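K.L.:
heads up, no residue letters with this:
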Ligand code: TYD
């Protein structure tokens, strides 16, 4: 499986009518995990880079519910980036994937759905340590 197949784009049900739009994301139905935590990132400057970590256990789905941002994704070998610019579109990120979020528009609200409660111990914030944990010392 390629990295892009491991981190698929997900399209959510979008119930639009003359009253406006309504997007639904149900845990374990639209996304592969039960949602334990929700947080959102807004007010980040265009030149700010967030994330810059991998998570040993957490799975995430990221959705720009307003505005847009980019997500750079790597496993230490493959890499790609995706632009999140639609409220009905998300990207699934499994455990042990390095991610950076950047190029935030002024109106960006980046919704993050997580499979776990917050635990700083499961974060890897040093890229070299991440690559070693992912691929072993030889990498
Ligand atoms: P951080 O992980 O640096 O955010 P990002 O990866 O999105 O750039 O988190 C910023 C701060 O918020 C840090 O002090 C930890 C805290 N935090 C929580 O307490 N709970 C959470 O669920 C998250 C994501 C962060």
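P.N.:
Ah, there it is. Nothing here was measured: the structure is a model prediction, and the numbers come from that model.

K.L.:
alpha carbons only for contacts and neighbour counts from here, please
P.N.:
Will do.

K.L.:
what about stretch 119-132, start to end distance?
P.N.:
By C-alpha to C-alpha, to the nearest Å, the extent of stretch 119-132 from end to end equals 21 Å.

K.L.:
pLDDT value on residue 139, please?
P.N.:
Reading off the per-residue confidence, residue 139 sits at a pLDDT of 57.

K.L.:
Same question for residue 49.
P.N.:
In this model, residue 49 is scored at 98, pLDDT.

K.L.:
any idea how far the residue nearest to it when sequence neighbours are not counted is from residue 68?
P.N.:
Once its chain neighbours are removed from consideration, residue 49 has its nearest residue in residue 102; the separation is 4.7 Å (C-alpha to C-alpha, 6 or more residues apart in numbering). Shown here: residue 102 relative to residue 68, a distance of 10 Å by C-alpha to C-alpha.

K.L.:
try residue 29
P.N.:
25 Å.

K.L.:
So which of those two has more stuff around it?
P.N.:
residue 68 (21 against 9; other C-alpha atoms under 10 Å).

K.L.:
Quick check, that one in contact with residue 82.
P.N.:
No. Using C-alpha atoms under 8 Å as the test, residue 68 is too far from residue 82 to be in contact (10.5 Å).

K.L.:
if I pick residue 90, what's in contact with it?
P.N.:
Each residue near residue 90 by C-alpha atoms under 8 Å, 6 or more residues apart in numbering is listed here: 9, 10, 11, 12, 61, 62, 63, 64, 84.

K.L.:
contacting residues around the spatially closest residue to residue 71 that is not a sequence neighbour?
P.N.:
Ranked by C-alpha to C-alpha, 6+ apart and with sequence neighbours excluded, the top spatial neighbour of residue 71 is residue 101, at 4.5 Å. Remark: with contacts taken as C-alpha under 8 Å, 6+ apart, residue 101 is in contact with 49, 50, 51, 52, 69, 70, 71, 72.
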